[in-house]
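**Q** What follows is a protein structure lacking sequence information:
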């Protein structure tokens, strides 16, 4: 399973190699979940009629809510960076498309950064028909270079029926719709160790002051409240974005994302001050600031859920994708729980990421596949398999395999158009996506010295000005 | 670099210039035979170098001529300056330390029975790829003493001399009668009186981490002419503080907590809490404030911040030396085998001590080998990339930066191919003198 857009930002990170065993374990866990889901659905639907061995058992019962043309003899290619269980699950979605239309679809495994991968394919004269692009910026790049083709009428109709305006808009470049956000990530979550909360008598907070109170209770019980994976800058930008979106509101968030207001704006100062209430308090962050700066993302999740009654920390702010880093013996939903990032201002934030299907080779087949990916039928298949979140509002919440995923999905859909796409993913990469540079580095410095709010703002503004080109 | 050395090796066959060679081969035929090598060399070495040089004069997109802007950035960009500084540090220390260690190992193993076995072990790290070595050392330098060997050793040594305290994270809870006294100590807000009881509740110590002897806390009983009190963990598992600032049934006493009675800044009496957290102070404590000194709360020593900004480069150099000392040792040992024994014997017969033999005979005789080893390592170090890339955590990558890494970052993650090309040209210029030295030495060697 991939961490959606966050992977993009970790792609130069040396920690990926180190994290592999963890990923493998996680992949195994995901596979186990998927297998469980399969077993369930198999008992539900009985035997397949076309002699399936059971691996595709649950595609049988999906409702037919989308009209697709007959495409016998057409062959299509679709490229994405997904691996392991995620890729296997996605292939089941493609298999259903093949079954309904008669087309052949080949999955092309790509590498990050996928935009460069596509570049080499285009240069070689053989681009895949559809590519899954993770960021609005990447879609724009693909359009600017003339690679991407706009969606046709059927796909637009399907998209309009199933997606809120906000999710449609981030797939647009200019007035034309290019992207279908097939997969989403909800980054406004805090995972916690249920045992620790019970020991401390702490409750799930809904507002920022509640969060501080909960943190204090946990701290009083003898467990460090927060785990921060500060070795990777994007975990810190996610913290900031959640606080900022909730506190300053969506309009300011958009302005800051486009660098229309400066980082020296008072709203940024407020957000940093708020952040410092957690980051700056002695013993609130596992390992202290120095320890946190050497903790990579997988470790920051794992250390919350290992160590019995005495884990290194009780909570970790991380997206739905953190699930893969939770050790197998901790059951998601009972041992490992999750609550939405508390509201700092009037409303709780919903910061998201996602992957959009973009057509590179326009054809009837490609348009049909894009239509299929925009349909609730396709998303439901993968939702049932677990480890996946769809921005499609017509996917039944009950399609998700467990209570935690249902809750995460509900939070994302309920946000309607109030969700915001990850800000650092929208920024130029030199500012929002490079280890040891820009926002990542400055927030790491801020974690180390949370008193220096004005200095942090000045540095952010200087780097942003350079990166946005004035 | 290596390919450029190869170029130096390939050109000599072209030396028979205009005159016909002994076998009567014509120039055409010679050219024909050279062609495949030249084409490969041109396509794989000369063209990329040339293109990099050209590219370094163009701007980001590659369309506009940028003059020497990219080279200007080379010396103004802070990231590149750090990289340059670190590279110098690397070139000075890594090859010399590795060579020195190699020399010591080589000389010592010569006289050990199991010398070959020892050499094999020291040489072993060379068989591991840089990437694997990087991953190993990322773990070795892990901050957590339970994971990182370096810190485990360091903390072990430290803790033998300085004992950790029992209640590192204890702190006053809500509405506590205690306040911080600075330096990690806590003190009662009001003075205590003889015959009265004092409660010193604190929170923040998990039940599993309490001292082994701790028992359920007992409420203090007043005694005439004494100050009595209890200090305990005012936190009930699953229920929070329970009754605030009162002893609840399952709450444990702070067994072994040190308590001082302070009057006018002077300690007038002191005691240690019993297993149930109760303590008694003599009458002299009357009117004093009770202080819990900072020795109760000392954080456990967490070792050195190996991969923090200040130590990261030396730490990575350590990993490099671990890998390459074996290489130096093997080369030097080979050189050592060629040193005439008679010279050493003669020195010994003349009454030289072993140290003098080593210093005045062995090292001077080995000088050419030492120079070759050092220079080879220098070339190797100039292009160091993998170890830094893998060992340094993202937060310290800026501080551990070296030119090759900066080249990669500029070229691939920041989309600045112009500046990246400039860095590569600069690296080439840095390597040339060292290479020239090596080639010249090689020529001389051949002539001899």
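**A** Received it, and whenever you're ready, just let me know what you need. This structure is a prediction, so every number in the text was calculated from the model and none was measured. Numbers count the residues shown, from 1 in each chain, chains lettered A, B, ... in the order given.
**Q** can you list the weak-confidence ranges in the chain?
**A** Picking chain A for this. A:1-63, A:112-113, A:470 (pLDDT under 70).
**Q** my question was about chain B
**A** Using pLDDT under 70, chain B drops low at B:1-25, B:163-164, B:240-242, B:415, B:448.
**Q** Smallest distance to chain A belongs to which residue of it?
**A** The nearest approach of chain B to chain A comes at residue B:206, 3.0 Å away (CB to the nearest CB). All C-beta spots, glycine's among them, are computed from the backbone N, C-alpha and C.
**Q** Look at that residue and say how many residues are nearby.
**A** Number of residues near residue B:206 (other CB atoms under 10 Å in any protein chain shown) recorded here: 18.
**Q** Ok, the one 3 residues further on next?
**A** As a burial measure, residue B:209 scores 16 neighbours (other CB under 10 Å).
**Q** Spit out the contact partners of it.
**A** A:222, A:310 (CB atoms under 8 Å, 6 or more residues apart in numbering or on different chains).
**Q** try residue A:233
**A** A:9, A:435, A:439-441, A:443-444, B:394-395.
**Q** Next step: those restricted to helices.
**A** A:9, A:439-441, A:443-444 (DSSP state H).
**Q** Give me the most central residue, the chain.
**A** You didn't say which chain, so I picked chain A. residue A:185 (2.6 Å; CA atoms, centre = their mean).
**Q** That was the other one, I meant chain B.
**A** Short answer for chain B (CA atoms, centre = their mean): residue B:315, at 2.0 Å.
**Q** Now that residue: which helix or strand?
**A** helix B:312-337 (DSSP states H and E).
**Q** Who are the packing partners of that helix?
**A** If contacts are counted by 3 or more CB pairs under 8 Å, 6 or more residues apart in numbering or on different chains; DSSP states H and E, helix B:312-337 sits against helix B:78-110, helix B:115-123, helix B:130-140, helix B:363-382, helix B:386-391, helix B:397-400.
**Q** can you list contacts of the third one?
**A** Which is helix B:130-140. Contacts of helix B:130-140 from elsewhere in the structure, counted by CB under 8 Å, 6+ apart, are A:14, A:17-18, B:125, B:128, B:147-150, B:307, B:315-316, B:318-319, B:322-323, B:386-387, B:389-391.
**Q** In chain A, what residue comes closest to chain B?
**A** Closest point on chain A to chain B, by CB to the nearest CB, is residue A:222, at 3.0 Å.
**Q** Show me the beta-bridge partners of residue B:185.
**A** residue B:182 (DSSP bridges).
**Q** got a list of what residue A:97 touches?
**A** A:68, A:103, A:105, A:368-369, A:372, A:378.
**Q** Greatest separation within those: which pair is it?
**A** Across the contacts of residue A:97, the longest distance by CB to CB is 14.0 Å; it joins A:103 and A:378.
**Q** Tell me which of the two has more neighbours.
**A** residue A:378 (28 against 24).
**Q** give me the element that one is part of.
**A** Applying DSSP H and E, one finds residue A:378 within helix A:376-385.
**Q** now for that helix, which elements pack on it?
**A** Applying 3+ CB pairs under 8 Å, 6+ apart, we find helix A:376-385 packed against helix A:15-45, helix A:84-101.
**Q** okay if I get the helices and strands packed on helix B:312-337 as CSV plus distance to residue A:196 and mean neighbour count?
**A** Conversion of the helices and strands packed on helix B:312-337 to CSV gives the following (distance: least, CB to CB, whole Å; neighbours: other CB atoms under 10 Å in any protein chain shown):
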stretch, distance to residue A:196, mean neighbour count
helix B:78-110, 41, 19
helix B:115-123, 46, 15
helix B:130-140, 27, 19
helix B:363-382, 47, 18
helix B:386-391, 32, 24
helix B:397-400, 33, 23
